[in-house]
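S.K.: Just the structure for this:
(chains A and B)
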2 protein chains.
Amino acid sequence: MKFGVVIFPSKQLQDIVNSYRKRYDPHYALIPPHLTLKHAFEATEEDAKNFADKLRNIASNTSPFSLKTTKISSFKPVNNVIYFKVDPTNELNNLHAEINRELNDQKTEYAFVPHITIGQKLSNDEHSDIFGSLRMTKIDHEETIERFHLLYQLENESWTVYETFRLGKE
Amino acid sequence: MKFGVVIFPSKQLQDIVNSYRKRYDPHYALIPPHLTLKHAFEATEEDAKNFADKLRNIASNTSPFSLKTTKISSFKPVNNVIYFKVDPTNELNNLHAEINRELNDQKTEYAFVPHITIGQKLSNDEHSDIFGSLRMTKIDHEETIERFHLLYQLENESWTVYETFRLGKE
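M.R.: Prediction:
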């Protein structure tokens, strides 16, 4: 089965993100708006406890930190994903690095670009139209992140939360 | 905003339940398969921390327990909900009672009938057809429940996990 690690931002930000995802993201119904800390990876159900122990340990050694987003960007030409760009911070980079180091030794394919997806699986024309109209959108949102989540994927491709990890808590 | 408290059973049971929900439950895309411990209730985002503290406390004083389901039932004539009947146990009853006592003092409307919904919002004819064909289905599933979850609802009516509570853990 597949696992992943994500941050769910506040309801306020999730509602804003969903107002775009509803139209532009075919994964809209499969998972709430999120910032991915570790991409989907294969493991067994028995591994989950071990992962949770490691993630709990990481969380306890990480303080709550600020998440700030101010603009809409795109990964084109790598792919046609449109997203809320999240300001990279040391806290977020360290959390990402530590989770990926602890959960497996594979090198990640891409540099970590913290983001919250609002559109994906778009044709080139759709991408041009949508990103063209959204790229100048001003966003001014900042909040404190206090937790992250270990998820697993069901057969229908939707995601369920296995466990939550609170930053700075045992 | 709305909050609720649920148990997500194992992936195995969720996949089985979703094979029915896909056809019979319009809430299929809004929340993974679950057993409701506390129905949706209104509270503010600031209340969430307080709820989480109380639920963490309840969880730490509750041991993991067995969940067993052996048949498909219906709430008709109260409503046209079809569900996996979960064997009532003292552990489940106590957990339900304590959560509802701690989180608000309103009396709950119904007696607690532990269940995992597989179909709802069915017309009387649909209910007759579907329940008629499912009522003799034999299920033989037992698993250990080790956690429950506090959720909140987004504007699009889907649910996000706020926090997980592990039974028997601080």
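S.K.: Is A:Phe148 bridged to anything, and to what?
M.R.: On the basis of DSSP bridges, A:Phe148 takes part in beta bridges with A:Phe165.
S.K.: Distance of it relative to A:Phe8?
M.R.: For A:Phe148, the distance to A:Phe8 equals 8 Å [Cβ to Cβ, to the nearest Å]. Where C-beta positions appear, they are placed from N, C-alpha and C, glycine not excepted.
S.K.: Please identify every residue contacting each of these two.
M.R.: Residues touching both A:Phe148 and A:Phe8 do not exist when contact is defined as Cβ atoms under 8 Å, 6 or more residues apart in numbering or on different chains.
S.K.: CA atoms only: put whatever helix or strand A:Asp125 lives in into CSV for me.
M.R.: Counting by DSSP states H and E, the element that carries A:Asp125 is helix A:124-134. Extracted in CSV, the C-alpha atoms of helix A:124-134 (Å, rounded to 0.1, in the frame of the first residue of the first chain):
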residue,chain,number,x,y,z
ASN,A,124,-1.0,22.8,-22.4
ASP,A,125,-3.8,25.0,-23.6
GLU,A,126,-5.7,24.7,-20.3
HIS,A,127,-2.5,25.4,-18.4
SER,A,128,-1.9,28.6,-20.5
ASP,A,129,-5.4,29.9,-20.0
ILE,A,130,-5.7,29.2,-16.3
PHE,A,131,-2.2,30.2,-15.3
GLY,A,132,-2.4,33.3,-17.5
SER,A,133,-5.5,34.4,-15.6
LEU,A,134,-4.1,33.4,-12.1
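S.K.: by how many degrees do the longest strand along chain A and helix A:124-134 diverge?
M.R.: Counting residues, the longest strand in chain A under DSSP state E turns out to be strand A:65-74. With axes from the mean of the first three to the mean of the last three Cα atoms, to 10 degrees defining the directions, strand A:65-74 sits at 120 degrees from helix A:124-134.
S.K.: Alpha carbons of strand A:65-74, in CSV - could you do that?
M.R.: The C-alpha trace of strand A:65-74 is given here as CSV (Å, rounded to 0.1, in the frame of the first residue of the first chain):
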residue,chain,number,x,y,z
PHE,A,65,6.7,27.3,12.4
SER,A,66,5.2,29.9,10.1
LEU,A,67,3.8,29.1,6.6
LYS,A,68,3.5,32.0,4.3
THR,A,69,2.1,32.1,0.7
THR,A,70,2.0,35.2,-1.5
LYS,A,71,1.7,34.1,-5.1
ILE,A,72,0.5,31.5,-7.6
SER,A,73,3.2,29.7,-9.6
SER,A,74,3.6,26.8,-12.0
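S.K.: quick one: strands adjacent to that strand?
M.R.: Sheet partners assigned to strand A:65-74 using DSSP bridges are listed as strand A:82-86 (antiparallel), strand A:141-145 (antiparallel).
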